[in-house]
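[1] Below are the sequence and a predicted model; questions follow.
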Amino acid sequence: MKLVIIAGPPSAGKTAVARQIIRHRGGSEKIAFLKIDVTRAFEDKELADEFGIPTKKIYSGDLCPDHTGVMIMKDAISWAEEENADLFIIESAGLCLRCSPYTTQALGIVVLSAVSGINTPLKMGPMVALSDIAVITRIDLVSQAEKEVFRERTREVSPGLDIIETNALQGTGIRYLLRAIDEFPEITDPEKIVLRGVPPLGVCTICIGKKEIGWQKHFGVIRKLNDADYMYRGD
Amino acid sequence: MNSELIEEITILPGRNRQGNPENFDKITIKPGNTISIVGPTGSGKSAFINDIEIFAENDTVTGRTVLVNGRCPPEEYVRDPAKKPVALITQNTKCLTDMEVSEFLEMHIRSRQIETPGVLKKTIDLANEFTGEKILPDIKMTSLSGGQTRSLMIADAIVISNAPILILDEIENAGIFKDKVIEMLKEYKKALLFVTHDPLVALMSDRRIVMKNGAVEAVLQPNGTEREALEKVVELDSILCRMREEIRAGQLIRIPALT
Ligand SMILES: Nc1nc2c(ncn2[C@@H]2O[C@H](COP(=O)(O)OP(=O)(O)OP(=O)(O)O)[C@@H](O)[C@H]2O)c(=O)[nH]1
Ligand SMILES: Nc1ncnc2c1ncn2[C@@H]1O[C@H](COP(=O)(O)OP(=O)(O)OP(=O)(O)O)[C@@H](O)[C@H]1O
Ligand SMILES: [Mg+2]
Ligand SMILES: [Mg+2]
Ligand SMILES: [Zn+2]
């Protein structure tokens, strides 16, 4: 079984890209789909109705959706294997811009929308930097020049990144994504899958429920307004 | 710019909306050709030009295949913007990039690795020939009008992208000097494809592709038989242009000297 992890900001077109993958490969392969979201998601029902494939969703609630992914991924892989899936697609809500959901033995895809602000790729941090492929959607809504400028910005974050531009509704350009999936190896040993990159170490006293404002009321990770460029950076 | 010279582009038939094969053998486009694509709303005009832009390999809704010099084009034609021989000016007239005009063009020039000086100014100057409302370098892209955006994107496609094939989706709707654009584009020896509902643009092209129900219905080659009609359209268009300018200038319109 192959594993594909799709991440990206809300409404970037993650599901639209997943649909294209399913549309093109669903005929010859069994595909399973999991959505990880914070409080609401509809993809499980939509994709099950549309393609008749096994789907699941999980709400991360108060936990970071990327951390949730790590927590449940082994169960999820077992489930997809029980469903005899050849390809397992995980769509992550990707709201936590500190983390990224990509693991080893999985193809990491970040989905960005060409009509979101020009600085979006710069703000996405590890979600872009640790991905294997960036899929840029909604190119049907921008001119050639805008596409190229957006591409340039994405390259600034990750110079070697493979970029695929698509109108995800029509599936233009998806052939290159399909080929990348073809070329990507299957999971060899689920026991050995680990999160890519180093998760940020950023637990503070607000996380454990202290609500008073002002650093004077907190301990552990403490910063003042003019202390540093970053509030806190894990190693 | 392109390693290989583009001698011709060939479009092989796909299927209409019901899945029936299209009724043509192949359509060949060479540099210097001007072609208009006409047909009712929803007939598949935009889908047709999108196939060309992406060099479809029987992998779009229409099932068409597009070849360059008789072969499947190299991947870089689609994926490397600096090698891409097609520039498409879409139906959209808004640019959403939150940058100044000069910043935006500079970034595009950089991504194309162009080092010739003066390209930025040349692009803005050309754009200003296509529109009545002057574009200034320090204005935000997002505050350009529809006509200004279109003008700038066309000038960008000519000067910065410098693509041998240019596709324009309904330029007439953008409030730009379309005759000026066509004249200028012909001068640059590009292959031109216009999606259009405009008689002037349609009649100024050498060939007309008629779309219906998602498929190419006919390819018309007037071969001069429309010359008189074109003269009439040019005349009518100049009357309309004049009236438009007068209306814009806040004047009352007298009966024009129709001949
Ligand atoms: N025009 C255009 N619309 C698109 C494209 N990709 C996605 N959309 C539309 O954008 C909307 C959001 O797309 P989704 O695929 O649901 O986005 P998502 O990233 O899965 O969203 P969440 O899971 O809710 O975060 C939908 O209405 C899509 O039809 C594209 O390439 N072009
Ligand atoms: N051969 C085809 N088979 C299936 N669907 C098609 C085909 N051709 C076009 N379509 C679909 O039909 C819809 C309308 O087509 P398109 O946008 O190209 O129309 P248009 O002629 O450009 O219309 P407008 O004048 O409104 O811009 C699109 O969703 C397109 O994907
Ligand atoms: Mg989704
Ligand atoms: Mg259209
Ligand atoms: Zn997180």
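    Nice, I can see it. Ligands and ions are numbered 1, 2, ... in the order given.

[2] neighbours around B:Arg17, how many?
    By other CB atoms under 10 Å in any protein chain shown, 15 other residues sit near B:Arg17. For every residue, glycine as well, the C-beta is placed using N, CA and C.

[3] Could you give the backbone dihedrals for it?
    phi -60, psi -30 (degrees, to the nearest 10).

[4] Now it: closest residue in space, sequence neighbours ignored.
    Excluding the flanking residues, the one nearest B:Arg17 by CB to CB, 6 or more residues apart in numbering or on different chains is B:Gly214, at 3.9 Å.

[5] ok, that neighbour - contacts?
    Counting by CB atoms under 8 Å, 6 or more residues apart in numbering or on different chains, B:Gly214 touches B:15-17, B:43-44, B:47, B:61-62.

[6] show me the contacts for the residue in the stretch 151-259 of chain B that ligand 1 sits nearest to.
    For the stretch 151-259 of chain B, the residue closest to ligand 1 is B:Asp169, as judged by CB to the nearest ligand atom, at 14.3 Å. Contact partners of B:Asp169, counting by CB under 8 Å, 6+ apart, are B:45-46, B:49, B:88-91, B:195.

[7] Which one of the residues you listed is nearest to A:Ser11?
    B:Thr90 (20.5 Å; CB to CB).

[8] For the closest residue to the closest one other than its chain neighbours, give me phi and psi.
    Nearest residue to B:Thr90, sequence neighbours excluded (CB to CB, 6+ apart): B:Asp169, at 5.4 Å. With angles defined as degrees, to the nearest 10, B:Asp169 sits at phi -90, psi 110.

[9] just B:Ile165 next, same as before
    The phi/psi pair for B:Ile165 (degrees, to the nearest 10) is phi -120, psi 130.

[10] And the pLDDT for it?
    With respect to pLDDT, B:Ile165 has a value of 91.

[11] What separation is there between it and B:Tyr77?
    10 Å (CB to CB, to the nearest Å).

[12] A:Ser78 now?
    43 Å.

[13] Looking only at neighbour counts, state which of these two leads.
    B:Tyr77 (18 against 11).

[14] Report the contact partners of the more buried one.
    B:55, B:68, B:83-86.

[15] Give me the secondary structure label for B:Ile52.
    helix (DSSP: H, G, I helix; E, B strand; the rest coil).

[16] Pull up the gap between it and A:Leu195, please.
    Taking CB to CB, one finds B:Ile52 at 43 Å from A:Leu195.

[17] Next: B:Ser238.
    Per CB to CB, B:Ser238 is found 67 Å from A:Leu195.

[18] Comparing these two, which residue is more hemmed in?
    Between B:Ser238 and A:Leu195, A:Leu195 has the larger neighbour count (other CB under 10 Å), namely 18 against 13.

[19] Show me the beta-bridge partners of the more buried one.
    On the basis of DSSP bridges, A:Leu195 is bridged to A:Thr103.

[20] Isn't it up against A:Thr103?
    Yes - using CB atoms under 8 Å, A:Leu195 is in contact with A:Thr103, at 5.6 Å.

[21] Does ligand 1 have contacts with the helix or strand bottoming out on mean pLDDT in chain A?
    Every helix and strand in chain A was compared by mean pLDDT, DSSP states H and E; the lowest is helix A:120-123, with a mean of 85. No - shown here: helix A:120-123 not in contact with ligand 1 (CB under 6 Å from any ligand atom), separated by at least 12.8 Å.

[22] How about B:Leu126, nearest residue that isn't a chain neighbour?
    B:Ala155 (4.0 Å).

[23] and A:Thr120, how far is that from ligand 2?
    26 Å (CB to the nearest ligand atom, to the nearest Å).

[24] cool, B:Ile135 as well?
    26 Å.

[25] wait, is that residue part of a strand?
    No - under three-state DSSP, B:Ile135 falls outside any strand and is assigned coil.
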